[in-house]
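Enquirer: predicted structure and sequence below. I'll ask about it afterward.
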Amino acid sequence: MTADVSSGEALPGVRPGTRPKAPLGRRIYHSFVLRRLVRSAFVIWVVASGVFLMVRLLPGNPVDVYINQQIALYGKSYEQAAAEAQNYFRFDPATPIWRQYLDYLAGLLHGDMGTSIATPGVTVTGKIAQYLPWTLYSVGLALLISITIGLILGMIMAYRRGGIIDHVVSIVGSGFHAIPNYLLAILIVVVGAVQLGVIDYTRMRGNVSPGVTPELSLRFLSDIGYHATLPMITYILTTVGTWALIMKASTTQVLGEDYVTVAKARGLKESRIQTNYVGRNALLPLIAQIATQAGFIVGGAIFVEQTFSYRGIGLLLFESINTRDYPTIQGVLLVVTITVVLANLAADLVNAALDPRIRLGEGGAA
Amino acid sequence: MTGAPPPVTSAPGAPAPERAAAVSPLRRLLSELTRSRSGFVGLCLVVAILLVSLLGPLVLGSQVVGDPMRAWEAPSGSHWLGLEGGGKDILHLLVTGGTTVLMVGFLAATITTVIAVAIGSLAGYFGGRFDALMLQLTDVVMTVPQIVLLAVVGAFYKLDSPMLLGVIIGILSWPVLMRSIRAQVLSLKEREFVEAAQLLDVGWVRIVFGEIVPNMASYILINFIIAVTNAIYAMVGLYLLGLAPQKGSNWGIMINDAWTKGAMFNPDAMAYIIAPVTMIVLLQLGLILLTRTLEEILNPRLRDR
């Protein structure tokens, strides 16, 4: 809270009337970055606290459940069960709750999120480090491809409004948008692999083929590309229509701007107008959307990764829910949130770098 | 009506219909909807699924009794889609399976919309501390991926009724809508009719909920439908993962059941997995077509706000 207030105060002092001078403008920019950083840290702190509350305090919380389970199933004494819970969840029941909370936060800062119950001896952090890269790789790459395709399609749609591409992409895009990504994944397996036999599902599931070791070789890279194909196709097909429609809408709007007309009147080359005048400006709303979409896709990864047995963070969450591995669940929730916060931050900063109105205008409100 | 002349370009764009407050906007919406091809298709899909799911159980009975001896029977004259692993008629399951999905979807959407409209309009109207606080709150809630949070909540606490699931989805998903409602109110509150009401000193309750909110009726309607779509997405996903109550039967449970029993490798059981998927996709498609068309009719500029 305090950090947040200070950022609010720092801002109004710097903001007004300092625009013309370059060095000051630079400082404003830095304060914008600072403000965003503080906000991101604040969000992470709130979520971390919420998780603590959920895991430790609410009725029916996992710690109590775990202790009761140990007593009921294995006839352990309360002390013994509590000691185990304490080991897994990294807390000390003897200390007052505020102390536990501070210890928990301090542990998080050191990357200590407890120990997995399902696989004894493995820390939650270690487990997540093993799974997260696969999700980042498959979701990130799919997002990149999807945005690039959507961007090109959207611009074509805007330039040839009412044309064949416009109609086809609109219809097909809405169609795929209507299919929840997990159902598309199921359909790919059922129709593509089982019915038509086009896709070798049993070979394509998982992250890497057995026997292929992580190294910087063509064999490894092509293998992980091969295994990531199905999840990525799912992500791309379900999102590309949305990107195309957003891009079409913003391009259409930019095309109507005066400066485009002027650029045309000046006889500039059409290709230059398309990239420098229209494209750049039309891109802005797209980038703002990336942050929200990133969170959505990472969430959807739970379903998709489970269907394709792709060993990413979504599958880890699913498995730890099934094995009641509470410390891991808690860790995954935190890490996924932090990933989304960072994606948001990145999108904000890129947007601010592209559009001066964002970093100069609007106070702390939005 | 279907053979209406091709694309009817709706209103010139500039005058947003919601500004012409007094004319019953819902009735005009309906007539415009039926004139647009995609809007009409969407409306038909949604209404058809609603009718089947609401009337179907009344006609066929809501309990599906199966004969385990006849498990996975291929489609035939008396069982159009065949029988599932417990010998139950798949078509019958399909007809009765929509009720929960729709009820949970509408319940969640109603809760979301009510919370979002109440908080959003108050925050937008009064501004100040409450506004800032609520924006902070939405900031936090929006960054936690909803599906992940739902899965975790489902794992930590037993969700034993579909209605409870609907309530939780509703409570978790209001922030996005609250932000757009707030933005709408920010512009609406500068209008003359609000000023007039303020001069008459009718009190903020009547200004906010009697003057401003009704002016956003169509906008709220669109977002309500979007909320239904999102709620159904979240709910069916949870059913698929087996994190939602597996009692009774609905489309989500059917897909989960089919998937875990490996129905896709059984040619006779293909209908058991494809049919519920198709129903959900058609419902989602109908709802999305409906929102797209409504958005176009009401105000092309409002799109992707």
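Expert: Nice, I can see it. All values reported here derive from a predicted model rather than from experimental measurement.

Enquirer: every contact and neighbour count from this point should use C-alpha atoms.
Expert: Noted.

Enquirer: quick one: distance of the top helix by length along chain A to the chain centre.
Expert: Across chain A, the longest stretch assigned as helix under DSSP state H is helix A:218-255. Using Cα atoms, centre = their mean, to the nearest Å, we find the averaged C-alpha position of helix A:218-255 to lie 15 Å away from the chain's own average C-alpha position.

Enquirer: number of nearby residues for residue A:43?
Expert: Residue A:43 has 23 neighbours, counted by other Cα atoms under 10 Å in any protein chain shown.

Enquirer: which one is it nearest to, not counting chain neighbours?
Expert: Leaving out its chain neighbours, the residue that sits closest to residue A:43 by Cα to Cα, 6 or more residues apart in numbering or on different chains is residue B:140, at 5.3 Å.

Enquirer: so what's that neighbour up against?
Expert: Taking Cα atoms under 8 Å, 6 or more residues apart in numbering or on different chains as the criterion, residue B:140 is in contact with A:43, A:46-47.

Enquirer: and it, how close does it get to residue A:44?
Expert: Using Cα to Cα, to the nearest Å, one obtains 8 Å as the distance from residue B:140 to residue A:44.

Enquirer: also residue B:59?
Expert: Distance, residue B:59 to residue A:44, using Cα to Cα: 52 Å.

Enquirer: between those two, who's got more neighbours?
Expert: Taking residue B:59 and residue A:44 together and counting by other Cα under 10 Å, residue A:44 has the greater number of neighbours (22 against 10).

Enquirer: just to be sure, the more buried one is in a helix?
Expert: Yes. Residue assignment for residue A:44, taken from DSSP: H, G, I helix; E, B strand; the rest coil, places it within a helix.

Enquirer: neighbours of the closest residue to it other than its chain neighbours, just the number please.
Expert: Excluding its sequence neighbours, the residue lying closest to residue A:44 (Cα to Cα, 6+ apart) is residue A:338, at 6.4 Å. Here the neighbour count serves as a burial measure; for residue A:338 (other Cα under 10 Å) it reads 21.

Enquirer: domain assignment for chain A?
Expert: Residue ranges for each domain of chain A read A:24-109, A:124-351, as given by automatic domain parsing.

Enquirer: and the longest one, end to end?
Expert: End-to-end distance of domain A:124-351: 34 Å, with Cα to Cα as the criterion.

Enquirer: just stretch B:91-106 next, same as before
Expert: When the end residues of stretch B:91-106 are compared by Cα to Cα, they are separated by 24 Å.

Enquirer: for stretch A:52-64, same thing?
Expert: Distance between the boundary residues of stretch A:52-64 (Cα to Cα) amounts to 13 Å.

Enquirer: go on, stretch A:195-214?
Expert: Across its full length, stretch A:195-214 reaches 33 Å end to end, with Cα to Cα as the criterion.

Enquirer: and chain B, which of its residues are near chain A?
Expert: By Cα under 8 Å from any Cα of the partner chain, the residues of chain B that approach chain A are B:132, B:135, B:139-140, B:143-149, B:152, B:155-157, B:233, B:237, B:240-241, B:264-265, B:274, B:277, B:281-282, B:284-285, B:288-289, B:303-304.

Enquirer: how deep is residue A:320 tucked in, by neighbour count?
Expert: Residue A:320 - counted by other Cα under 10 Å - has 22 other residues nearby.

Enquirer: got any ranges where chain A has weak pLDDT?
Expert: Counting by pLDDT under 70, the ranges of chain A that qualify are A:1-30, A:57-62, A:90-94, A:291-292, A:358-366.

Enquirer: need the residues of it near chain B, please.
Expert: So chain A meets chain B at A:43, A:46-47, A:60-62, A:174-175, A:178-180, A:182-183, A:187, A:190, A:194, A:246, A:249, A:295-296, A:298-300, A:302-303, A:318, A:321, A:324, A:329, A:333, A:336-337, A:340-341, A:365-366 (Cα under 8 Å from any Cα).

Enquirer: ok, then the element right after the helix or strand in which residue B:233 is found?
Expert: Under the criterion of DSSP states H and E, residue B:233 resides in helix B:217-241. Elements were assigned by DSSP H and E; along the chain past helix B:217-241, the next helix or strand is helix B:251-260.

Enquirer: I'm done for today, thanks for sticking with me.
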